[in-house]
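Student: Sequence first, predicted model second:
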Amino acid sequence: MRALVGSRLFWFGAVVLVAAAVLPLWVSGYVLGLLTVAYYTAVFAMSWDLLFGFAGEVNFGPTFLIGLGAYTAGILDSQFSPDLSIWWCILAGAAAAVVGGVVLALPALRVSGPYFGLTTLVAVLMLQNFIVVFADLTGGEIGLPVPDVITIDAKLNYLIAFGFMLVAGGILFGLSRSAIGLILQASGQDAVQAGALGFNVSKHKLFAFAVSAFFSGLSGALMVFYLGTASVGTFVDIGVGVQVIIAAVLGGRRTVLGAAIGAVFLIVMGEGLRPLGELATLIVSVTALLVILFFPNGFLGMIRGGSRA
Amino acid sequence: MIFWQILVDGFAISALYALGATGFTLIFGVSGVLNLSHGAIMVAAAVAAWAATGLLHAGPYVGALAGIVVGVLLAFATYALTVRPIQRSRRIAEAEKEIFILTATLLWGIIIQEAIAYLFTNNAKTVLPIVEGVVTVLGVRTPRNEYFTAVICWAAIGLLWLFVNRTRSGKAVLAASMNPRGVTLLGFELSTIYLVVWGIYGLLAGSAGVLLGMFLGVSSYSVGPLTASAFSIVVLGGLGSVSGSLIAAYVVGYLETATAYLVSPEYRTIPALLLLVAVMYLRPQGLFGRR
């Protein structure tokens, strides 16, 4: 039965992916730009789902990791522009995010539930405050323009984002279906029992934080060099984090792939409703609330028929 | 001089924080719900008071009443539309209800915020104060409204204390926060108690919102910071401990005011955040928490 459902979903997914890969041949640069942002957001949401859906850690601050990656890469590039290749900046951004992820993981090993959620929220607020206070270095509230971009070709940017999403999604999905994913899930549901079965809960959780932080930071850094600017409003603000969380829950928790679907849906729907102005966010929020209340398993749950809780 | 200034300003702002956080902690203590639409409800109450006085030309008392009524209605709506459906849902696993309630109330808060922005724009709004004028006490010129705010906040908190400790339904609420199952065994309907608690919450959040609108003014941008500050005060004091959050409100209020006066308004929130991080690492249950 599982194979049947799996295969139907698999073929459906394969068709969508092939269509997405050949999309640059037909559509305009505007649509490609929109989807590029959507793909980077999808990586944010998938990384978040690894932490929440599997490790059971309520991380309200995905933008702490994203912002660390984005700003580290952006600041390095703006300080040492022609000498330092942007790829080193991007790697440094991902590394900074991993360090941030480990720092964030330390309280998570001690406190749980709402307490940990608040720690992550505070981490975001601190980062935001520091960016504003050290405005000379970070550009403050206006934002930090970076001198280099990956490329100005919309098609190439689209394909880079798409390829990155595929690789990141593949690794995260593979990880979630591996033994490590199962152990994480067990630790998330009952850390004491998982420990009693002989699994090193702390080690696995630390690993989950590091992986989640790596992809969040990498995606944030790549997005900086796509947009050509880093600003609090696009990378750090709590509203951005909320959008990542909504995307993951909307698509279906504990699926990793659902998070990507949710992110693309949210970005495209938000853009499609833009002519309505203020009402756009309202409609998106109402839709998300209805899905959460009536289809708690998200889009993937709907496709599967919602048989499994 | 600046010492008295900090003392007076800090007292008023802390009283306001205390009133806002009390409702938030009450809901958590009784039903285990962290209501992330808290800031949105406060702002909605303030905007309702502003609209009643500014657009409909009602008096300040009627305006304040309108704000509090909106606060109560929104509190009931939060419970009926987001919290209760999730608590009763069979398709959501018990262990996951917490994150669902957090996400749903967060979304509900965004919905309220966007509705306010759509109907009344994003501009900052200041509610017509009930008392006007300036008094000089201890050499500090302070708007009368600041003293009024502090007095009303403490009166409201005092009334809450009387209700919880001296009335029958209040005692039932207190008991439900200690042991919900025990209360049902004594013949109290738990859903009635929840309704009472959400009603009280609406009164507290509504009046805090209206007072905030008179004191500092609100806009739909204040929604997030308001929720975050209530959340951090409540965690600092210990989740579910009302006296803890009152003390924490004063700690945070004075830290912020002192930083704003002595260092720079830019750094206003940083010391309180650092303190919060320190508490999370060293004493995760908060200063007066039960767990």
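Tutor: Alright, I've got the coordinates. Numbers count the residues shown, from 1 in each chain, chains lettered A, B, ... in the order given.
Student: the helices in the stretch 101-250 of chain A, which residues?
Tutor: Using DSSP state H, counting those that start in this stretch, the helices assigned to the stretch 101-250 of chain A run over residues A:113-133, A:135-138, A:154-177, A:179-189, A:191-196, A:201-227, A:232-235, A:238-251.
Student: Tell me the buried residues in the second one?
Tutor: Within helix A:135-138, the residues scored as buried using 16 or more other CB atoms under 10 Å in any protein chain shown are A:T138. To be clear about C-beta, it is placed using only N, CA and C from the backbone, and glycine gets the same treatment.
Student: Extract the C-alpha trace of it and format it as PDB.
Tutor: Coordinates of the C-alpha atoms in helix A:135-138 are reproduced here as PDB (Å, rounded to 0.1, in the frame of the first residue of the first chain):
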ATOM      1  CA  ALA A 135      24.800  50.000  11.500                       C
ATOM      2  CA  ASP A 136      28.200  51.100  10.300                       C
ATOM      3  CA  LEU A 137      29.100  47.500   9.500                       C
ATOM      4  CA  THR A 138      25.700  46.000   8.800                       C
END
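Student: ok, back up a step: looking at the helices of the stretch 101-250 of chain A, which is closest to B:R268?
Tutor: Closest to B:R268 of the helices of the stretch 101-250 of chain A, according to CB to CB: helix A:113-133, at 9.2 Å.
Student: and the stretch 1-150 of chain A, which residues reach chain B?
Tutor: A:52, A:58, A:106-107, A:110-111, A:113-115, A:117-119, A:121-122, A:125-126, A:129, A:132-133 (CB under 8 Å from any CB of the partner chain).
Student: Just the buried subset of the residues you listed, please.
Tutor: With burial judged by 16+ other CB under 10 Å, the buried subset of the residues of the stretch 1-150 of chain A next to chain B is A:52, A:58, A:107, A:111, A:113-115, A:117-119, A:121-122, A:125-126, A:129, A:132.
Student: From those residues, pick the one nearest chain B.
Tutor: If you rank those by distance to chain B using CB to the nearest CB, A:V111 comes first, at 4.0 Å.
Student: before we move on, the earlier item: closest to B:P284 out of the buried ones among the residues of the stretch 1-150 of chain A next to chain B?
Tutor: Using CB to CB, A:V111 comes nearest to B:P284 of those, at 4.0 Å.
Student: Which residue is the nearest non-sequential neighbour of the closest one?
Tutor: Leaving aside its chain neighbours, A:V111 sits nearest to B:P284 (4.0 Å; criterion: CB to CB, 6 or more residues apart in numbering or on different chains).
Student: quick check: mean pLDDT across the longest helix seen in chain B?
Tutor: In chain B, with assignment by DSSP state H, the single longest helix is helix B:2-31. The pLDDT scores in helix B:2-31 average 87.
Student: Same check on stretch B:254-262?
Tutor: On average, the pLDDT along stretch B:254-262 is 88.
Student: From the chain's centroid, how far away is it?
Tutor: From the chain centre to the centre of stretch B:254-262 is a distance of 21 Å (CA atoms, centre = their mean, to the nearest Å).
Student: ok so, going back, make a markdown table out of the helices of the stretch 101-250 of chain A and add distance to B:I200 and mean pLDDT.
Tutor: Formatted as a markdown table, the helices of the stretch 101-250 of chain A follow (distance: least, CB to CB, whole Å; pLDDT from 0 to 100):
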| stretch | distance to B:I200 | mean pLDDT |
| --- | --- | --- |
| helix A:113-133 | 21 | 81 |
| helix A:135-138 | 43 | 85 |
| helix A:154-177 | 43 | 92 |
| helix A:179-189 | 35 | 86 |
| helix A:191-196 | 36 | 85 |
| helix A:201-227 | 39 | 92 |
| helix A:232-235 | 37 | 87 |
| helix A:238-251 | 28 | 85 |
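Student: can I get those in CSV with distance to B:G20?
Tutor: Formatted as CSV, the helices of the stretch 101-250 of chain A follow (distance: least, CB to CB, whole Å):
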stretch, distance to B:G20
helix A:113-133, 16
helix A:135-138, 30
helix A:154-177, 39
helix A:179-189, 33
helix A:191-196, 34
helix A:201-227, 32
helix A:232-235, 25
helix A:238-251, 18
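Student: Show me the one of these that comes nearest A:G69.
Tutor: Among the helices of the stretch 101-250 of chain A, helix A:201-227 comes nearest to A:G69, with 2.6 Å by CB to CB.
Student: what about that closest one, near chain B?
Tutor: No - contact of helix A:201-227 with chain B is not found when judged by CB under 8 Å from any CB; the minimum separation is 16.0 Å.
Student: Remind me what that helix packs against, helices and strands.
Tutor: Judged by 3 or more CB pairs under 8 Å, 6 or more residues apart in numbering or on different chains; DSSP states H and E, the packing partners of helix A:201-227 are helix A:29-49, helix A:62-79, helix A:86-110, helix A:154-177, helix A:179-189, helix A:191-196, helix A:232-235.
Student: ranking those helices by burial, who's on top?
Tutor: Ranked by mean neighbour count, the helices and strands packed on helix A:201-227 are led by helix A:62-79 with a mean of 28 (mean count of other CB atoms under 10 Å in any protein chain shown).
Student: got the angle between it and helix A:201-227?
Tutor: Counting by axes from the mean of the first three to the mean of the last three CA atoms, to 10 degrees, helix A:62-79 lies at 50 degrees to helix A:201-227.
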